[in-house]
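Trainee: Need a 3D model of the sequence below.
(chains A and B)
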Amino acid sequence: DTEVTQTPKHLVMGMTNKKSLKCEQHMGHRAMYWYKQKAKKPPELMFVYSYEKLSINESVPSRFSPECPNSSLLNLHLHALQPEDSALYLCASSQDRSDLPTTQYFGPGTRLLVL
Amino acid sequence: KNQVEQSPQSLIILEGKNCTLQCNYTVSPFSNLRWYKQDTGRGPVSLTIMTFSENTKSNGRYTATLDADTKQSSLHITASQLSDSASYICVVRGYGGATNKLIFGTGTLLAVQP
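Mentor: Below you'll find the model as predicted:
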């Protein structure tokens, strides 16, 4: 199974709402990632978890809160978002081996619209 | 500054034709280079991954080349199909520091027309 799944596929939320994005993989990968992608732009790294610990936070605003409950799951909690946060949110996973050219496997993304 | 630049930005070709996409990078030290295909509204899918010592790697109709001396890579698509229409992203991983970070190019948008 080389699949990363994400739910929901689409999400529309108001600026006062609280919602969560979910990501799951069963490849035994110990590194998981959240990316944000605007239209016609490359993905931008937001967070990296390595062995269930947050290892990289790319100065993301606190209205985005990641969580890694276990090695297979990654959540992104959203609160008080702004319309400019509307984007495709991608989850990815990889073997956490800095000595090997490991491939990051991406999920299909969650299309988020903030009204 | 670590950067990855791709050309052309967009490309239109007829079905059955070949095409070549370019990627230049300034990432140093270099670990590996990947090519991803991303369909609109979907997550990127890995096509190839190459390390410093690899010059070429194929995946079906996709062939990637790497010249680590000139810091250039290309992705050649043979006998294009309508399903090849997508954005192709060159991604470079540096070595050391935040080793899990990938540096993404801006992509080449390929449209294959019948």
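Trainee: going forward, measure contacts and count neighbours with C-alpha atoms only.
Mentor: Noted.
Trainee: Which stretches in the chain count as strands?
Mentor: Just going to use chain A. Applying DSSP state E to chain A gives strands spanning A:4-7, A:10-13, A:18-25, A:31-37, A:44-50, A:53-57, A:64-70, A:73-79, A:87-94, A:105-106, A:110-114.
Trainee: hmm, I had chain B in mind actually
Mentor: For chain B, the strands defined by DSSP E cover B:4-7, B:10-14, B:19-25, B:30-38, B:45-51, B:56-59, B:62-67, B:72-77, B:86-94, B:102-104, B:108-113.
Trainee: measure stretch B:56-68 end to end?
Mentor: 11 Å (C-alpha to C-alpha, to the nearest Å).
Trainee: Tell me which strands the helix or strand of chain A with the lowest mean pLDDT pairs with, and in which orientation.
Mentor: When each helix and strand of chain A is scored by mean pLDDT, DSSP states H and E, strand A:53-57 comes last, with a mean of 90. Next to strand A:53-57 in the sheet, as set by DSSP bridges, lie strand A:44-50 (antiparallel).
Trainee: just the CA coordinates of the least confident helix or strand of chain A, formatted as CSV?
Mentor: Provided in CSV are the C-alpha atoms of strand A:53-57 (Å, rounded to 0.1, in the frame of the first residue of the first chain):
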residue,chain,number,x,y,z
LYS,A,53,7.7,14.9,17.0
LEU,A,54,7.5,18.3,15.3
SER,A,55,10.9,18.8,13.7
ILE,A,56,10.2,21.7,11.3
ASN,A,57,7.7,24.6,11.6
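Trainee: re the thing from before, want to throw the strands of chain A into JSON lines with distance to B:P114?
Mentor: Below are these laid out as JSON lines (distance: least, C-alpha to C-alpha, whole Å):
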{"stretch": "strand A:4-7", "distance to B:P114": "32"}
{"stretch": "strand A:10-13", "distance to B:P114": "31"}
{"stretch": "strand A:18-25", "distance to B:P114": "37"}
{"stretch": "strand A:31-37", "distance to B:P114": "29"}
{"stretch": "strand A:44-50", "distance to B:P114": "33"}
{"stretch": "strand A:53-57", "distance to B:P114": "44"}
{"stretch": "strand A:64-70", "distance to B:P114": "43"}
{"stretch": "strand A:73-79", "distance to B:P114": "41"}
{"stretch": "strand A:87-94", "distance to B:P114": "29"}
{"stretch": "strand A:105-106", "distance to B:P114": "29"}
{"stretch": "strand A:110-114", "distance to B:P114": "30"}
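Trainee: can you redo the ones you listed as a markdown table with mean neighbour count?
Mentor: Output for the strands of chain A, formatted as a markdown table (neighbours: other C-alpha atoms under 10 Å in any protein chain shown):
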| stretch | mean neighbour count |
| --- | --- |
| strand A:4-7 | 20 |
| strand A:10-13 | 14 |
| strand A:18-25 | 20 |
| strand A:31-37 | 23 |
| strand A:44-50 | 21 |
| strand A:53-57 | 15 |
| strand A:64-70 | 16 |
| strand A:73-79 | 19 |
| strand A:87-94 | 26 |
| strand A:105-106 | 24 |
| strand A:110-114 | 20 |
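Trainee: Tell me the residues of chain A that contact chain B?
Mentor: By C-alpha under 8 Å from any C-alpha of the partner chain, the residues of chain A that approach chain B are A:40-43, A:45, A:48, A:56, A:88, A:90, A:96, A:98, A:101, A:103-109, A:111.
Trainee: Kindly state the beta-bridge partners for A:Q6.
Mentor: Using DSSP bridges, the bridge partners assigned to A:Q6 are A:C23.
Trainee: got the contact list for A:H77?
Mentor: Contacts for A:H77 (C-alpha atoms under 8 Å, 6 or more residues apart in numbering or on different chains) come out as A:K18, A:K19, A:S20, A:L21, A:R63, A:F64, A:S65, A:P66, A:E67.
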